[in-house]
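*Asks:* after the sequence you'll find the predicted model.
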Amino acid sequence: MSGARVGVLALQGDFAAHARILRALGAEVSEVRRLADLEGLRALVLPGGESTALLRLMDGAPWLDALRAFHAEGGALLGTCAGAILLAREVQPPQPSLGLLDAVVERNAYGRQTESFEAELAAPTFDAPMRGVFIRAPRLTATGPAVEVLARLSGEPVLVRQGRVLAATFHPEMAADDRLHRCLLDQG
């Protein structure tokens, strides 16, 4: 949706790469650093990074409540890696989350930084397989009945959608593939 006003949470992680892709698709992109920056957005990317560090950066302001309200008022969300962790209803080991995605997520489930990898993902809802870049990636260990699996790695879900919420356990912004960002714009 060309001209859509989209935000990228810019507290940590590779938010600049998401912003570049969205701008190339014709979106008006805002870097979100304060709660007031959510005003007027149609969609928001919660980028990768480190989920506990992100929660520490959010401490002191009601970020989780504001993000839930953003979604309740019609905003679409895309969470990648740490962003997917924040979207889940349950996180292992336990930590706060938004609870907007009926899924259980295990943090760092694919191993340490040195065990990061790239892989081709089965993505039948898209026109071709996707490339996934997994860096200290989380794993979706359970999903509820309303969660649609859009891509899998070795049979396991790695990209899911529930209503206006998209969650990827990998980094699509690092794979030179804009299809997931297009999907977000279509929902926003």
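*Replies:* Received it, and whenever you're ready, just let me know what you need.

*Asks:* drop to CA atoms for contacts and neighbour counts, all remaining ones
*Replies:* OK.

*Asks:* which residues in the chain form helices?
*Replies:* Assigned by DSSP state H, the helices in the chain fall at 15-24, 51-58, 63-72, 82-87, 179-187.

*Asks:* highest mean neighbour count out of those helices?
*Replies:* Stretch with highest mean neighbour count among the helices of the chain: helix 82-87 (a mean of 30; mean count of other C-alpha atoms under 10 Å).

*Asks:* adding mean pLDDT, write the helices of the chain out as a markdown table.
*Replies:* Shown next, in a markdown table, are these (pLDDT from 0 to 100):
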| stretch | mean pLDDT |
| --- | --- |
| helix 15-24 | 95 |
| helix 51-58 | 89 |
| helix 63-72 | 97 |
| helix 82-87 | 96 |
| helix 179-187 | 93 |
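
*Asks:* as CSV, those with distance to residue 37 would be great.
*Replies:* Shown next, in CSV, are the helices of the chain (distance: least, C-alpha to C-alpha, whole Å):
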stretch, distance to residue 37
helix 15-24, 15
helix 51-58, 14
helix 63-72, 11
helix 82-87, 18
helix 179-187, 18
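
*Asks:* quick check: angle from the helix or strand of the chain with the lowest mean pLDDT to helix 63-72?
*Replies:* Ranking every helix and strand in the chain by mean pLDDT, DSSP states H and E puts helix 51-58 at the bottom, with a mean of 89. Counting by axes from the mean of the first three to the mean of the last three C-alpha atoms, to 10 degrees, helix 51-58 lies at 100 degrees to helix 63-72.

*Asks:* which neighbouring elements make contact with helix 51-58?
*Replies:* Helices and strands touching helix 51-58, as assessed by 3 or more C-alpha pairs under 8 Å, 6 or more residues apart in numbering; DSSP states H and E, comprise helix 82-87.

*Asks:* partner residues bridging the most centrally placed residue in the chain?
*Replies:* With distances taken as C-alpha atoms, centre = their mean, the chain has residue 79 as the residue nearest its mean C-alpha position (1.0 Å). Under DSSP bridges, the beta-bridge partners of residue 79 are residue 46, residue 167.

*Asks:* chain center to the least confident helix or strand of the chain: distance?
*Replies:* 15 Å (C-alpha atoms, centre = their mean, to the nearest Å).

*Asks:* got the CA positions of that helix in CSV?
*Replies:* The C-alpha trace of helix 51-58 is given here as CSV (Å, rounded to 0.1, in the frame of the first residue of the first chain):
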residue,chain,number,x,y,z
SER,A,51,14.2,-9.2,23.8
THR,A,52,15.3,-8.7,27.4
ALA,A,53,17.4,-5.6,26.4
LEU,A,54,14.4,-4.3,24.6
LEU,A,55,12.2,-4.7,27.6
ARG,A,56,14.8,-2.8,29.7
LEU,A,57,14.7,0.0,27.2
MET,A,58,10.9,0.1,27.4
